[in-house]
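A.B. asks: Quick check, what structure comes out for this input:
(chains A and B, ligands or ions: 3)
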Number of protein chains: 2
Amino acid sequence: YSDPYSSADDPMYAYFSAVAGQDGEVDAEELQRCLTQSGISGTYSPFSLETCRIMIAMLDRDYTGKMGFNEFKELWAALNAWKQNFMTVDQDRSGTIEHHELREAIALMGYRLSPQTLTTIVQRYSKNGRIFFDDYVACCVKLRALTDFFRKRDHLRQGFVNFVYDDFLQGTMAI
Amino acid sequence: YSDPYSSADDPMYAYFSAVAGQDGEVDAEELQRCLTQSGISGTYSPFSLETCRIMIAMLDRDYTGKMGFNEFKELWAALNAWKQNFMTVDQDRSGTIEHHELREAIALMGYRLSPQTLTTIVQRYSKNGRIFFDDYVACCVKLRALTDFFRKRDHLRQGFVNFVYDDFLQGTMAI
Ligand SMILES: [Ca+2]
Ligand SMILES: [Ca+2]
Ligand SMILES: [Ca+2]
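C.D. replies: Residues are numbered from 1 along each chain as shown, chains lettered A, B, ... in the order given. Ligands and ions are numbered 1, 2, ... in the order given. Model prediction:
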């Protein structure tokens, strides 16, 4: 939960408050409305409710299904970075990301994936081989959240983690 | 890939062929149309494209994003079981599953989850505390696919698995 005294000075706080409504937190429906109105998708189609839900799940450390102010700001920054990234790697200006462009985008974000895993991801998030912005963001959200979850348990930074079944499910079912 | 000679005797094969179209495999859009027309959702709202995509991902062992005949039959059987299960545990006939009902549904399916993991799942798949059929199926699909993925690596059935980062992502990003 954010500190109302320090947050009040932040120019983004009034916007957040308007989006959040009475309960002071942003849920998936509120996020979808706000992202659609904000025009952050540009000429790309607006975000699906499903993508909004996983955006919230990524940042929702207390599992309430809602976002406070600091999480909202964090998401905003991540979205702008992903949009920038999307436009940079869409070199043929097709408005979508193709296999080789996704490989570049993922490398730009600092992830190291095997060709096989990259192919799996392209299959999952593309339609006829093309990845649209909404699905691209869903992919980025999951990649970040799953990597965060994995790293948090990889205390010795060895690149492998011993998961107990219940913990594995808790980290992966929400994303 | 299915054997066309044995499949041809199956009364479901003609239906599958009609759904699959020329390429002989069912993609997410075709699955969504077919499930909507089949009325399997009953009075519940039809499946979202996202849920159709994860249904395919669950069974898609060769990562093509499409389903052959055997996978189609397997999905059909799973869907009917989940629908039965949904109606059984919706004891107050609200048309939705609530927290305690999901606990029962998951126990009926034979999964053992901690209360904390159950709460995480309810948060993720519910809208105002209620889980609708479409989201319930998405939840069942993920639970099954993630459990299958985990078990396949838990060779000694110890309840824990040592994952390498890339393998962890390959199994979890697609679902
Ligand atoms: Ca709110
Ligand atoms: Ca492109
Ligand atoms: Ca109920």
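
A.B. asks: from here on, contacts and neighbour counts on C-alpha atoms
C.D. replies: Fine.

A.B. asks: can you list the weak-confidence ranges in chain A?
C.D. replies: Low-confidence regions of chain A, defined here as pLDDT under 70, cover residues A:1-8.

A.B. asks: need the residues of chain A near ligand 1, please.
C.D. replies: Residues of chain A lying near ligand 1 by Cα under 5 Å from the ion: A:20-21, A:23, A:25-26.

A.B. asks: Give the full set of residues in contact with residue A:30.
C.D. replies: A:19-20 (Cα atoms under 8 Å, 6 or more residues apart in numbering or on different chains).

A.B. asks: and the gap between it and residue A:105?
C.D. replies: With distances defined as Cα to Cα, to the nearest Å, the gap from residue A:30 to residue A:105 amounts to 29 Å.

A.B. asks: do the same with residue A:154
C.D. replies: Counting by Cα to Cα, the gap from residue A:154 to residue A:105 is 25 Å.

A.B. asks: Tell me which of the two has more neighbours.
C.D. replies: When residue A:154 and residue A:105 are compared for neighbours, residue A:105 comes out ahead with 21 against 15, by other Cα atoms under 10 Å in any protein chain shown.

A.B. asks: and that one, that's in a helix?
C.D. replies: Yes: counting by DSSP: H, G, I helix; E, B strand; the rest coil, residue A:105 is found in a helix.

A.B. asks: Could you say which helix or strand holds the residue in chain A that ligand 3 sits nearest to?
C.D. replies: Closest approach of chain A to ligand 3 (Cα to the ion) occurs at residue A:65, with a separation of 20.0 Å. Residue A:65 is part of no helix or strand when elements are defined by DSSP states H and E.

A.B. asks: who touches residue A:146 in this structure?
C.D. replies: A:171-172, A:175, B:169, B:172.

A.B. asks: change it to 10 Å
C.D. replies: A:58, A:140, A:152, A:171-172, A:175, B:165, B:168-169, B:172-173 (Cα atoms under 10 Å, 6 or more residues apart in numbering or on different chains).

A.B. asks: repeat for residue A:61
C.D. replies: Applying Cα under 10 Å, 6+ apart, one finds that residue A:61 lies in contact with A:67, A:71.

A.B. asks: Helix, strand or coil: sort out it for me.
C.D. replies: Going by three-state DSSP: residue A:61 is coil.

A.B. asks: what's the spacing between it and residue A:43?
C.D. replies: When residue A:61 is compared with residue A:43 (using Cα to Cα), they lie 32 Å apart.

A.B. asks: excluding its backbone neighbours, what's nearest the most centrally placed residue in chain A?
C.D. replies: For chain A, the residue lying nearest the average C-alpha position, counting by Cα atoms, centre = their mean, turns out to be residue A:141 (2.8 Å). Residue nearest to residue A:141 in three dimensions, not counting chain neighbours: residue A:55, with 6.2 Å by Cα to Cα, 6 or more residues apart in numbering or on different chains.

A.B. asks: is it true that the one you found lies in a helix?
C.D. replies: Yes: the assignment for residue A:55 by three-state DSSP puts it in a helix.

A.B. asks: Next, count neighbours for it.
C.D. replies: 25.

A.B. asks: Spit out the contact partners of it.
C.D. replies: Residue A:55 makes contact with A:28, A:31, A:49, A:67, A:72, A:75, A:78-79, A:137-138, A:140-142, A:145, A:175 under the criterion Cα under 10 Å, 6+ apart.

A.B. asks: Give the full set of residues in contact with residue A:168.
C.D. replies: Under the criterion of Cα under 10 Å, 6+ apart, the neighbours of residue A:168 are A:149-150, A:162, B:117, B:146-147, B:150, B:160-161, B:168.

A.B. asks: Please apply the same query to residue A:126.
C.D. replies: Contact analysis of residue A:126 by Cα under 10 Å, 6+ apart lists A:96-99, A:132, A:135-136, B:65.

A.B. asks: Among those, which lie within helices?
C.D. replies: Of the positions in these, A:99, A:135-136 sit in helices, assigned by DSSP state H.

A.B. asks: Mind picking the one among the residues you listed that's closest to residue A:12?
C.D. replies: Using Cα to Cα, residue A:136 is the member of the ones in helices among the contacts of residue A:126 that sits closest to residue A:12, with 25.6 Å.

A.B. asks: Now do the same for the closest residue to residue A:50 other than its chain neighbours: helix, strand or coil?
C.D. replies: The spatial neighbour of residue A:50 that comes closest, neighbours along the chain excluded (Cα to Cα, 6+ apart), is residue B:50 at 7.5 Å. Three states are possible here, and by three-state DSSP the one that applies to residue B:50 is helix.

A.B. asks: Next, count neighbours for residue B:50.
C.D. replies: Look at residue B:50: counted by other Cα under 10 Å, it has 17 neighbours.

A.B. asks: Over to residue A:157?
C.D. replies: As a burial measure, the neighbour count of residue A:157 was computed by other Cα under 10 Å and equals 10.

A.B. asks: what does residue A:152 give?
C.D. replies: By the measure other Cα under 10 Å, the count of residues near residue A:152 is 12.

A.B. asks: do you know how far it is from residue A:144?
C.D. replies: 12 Å.

A.B. asks: ditto for residue A:81
C.D. replies: 13 Å.

A.B. asks: same check, this time on residue A:71
C.D. replies: 15 Å.
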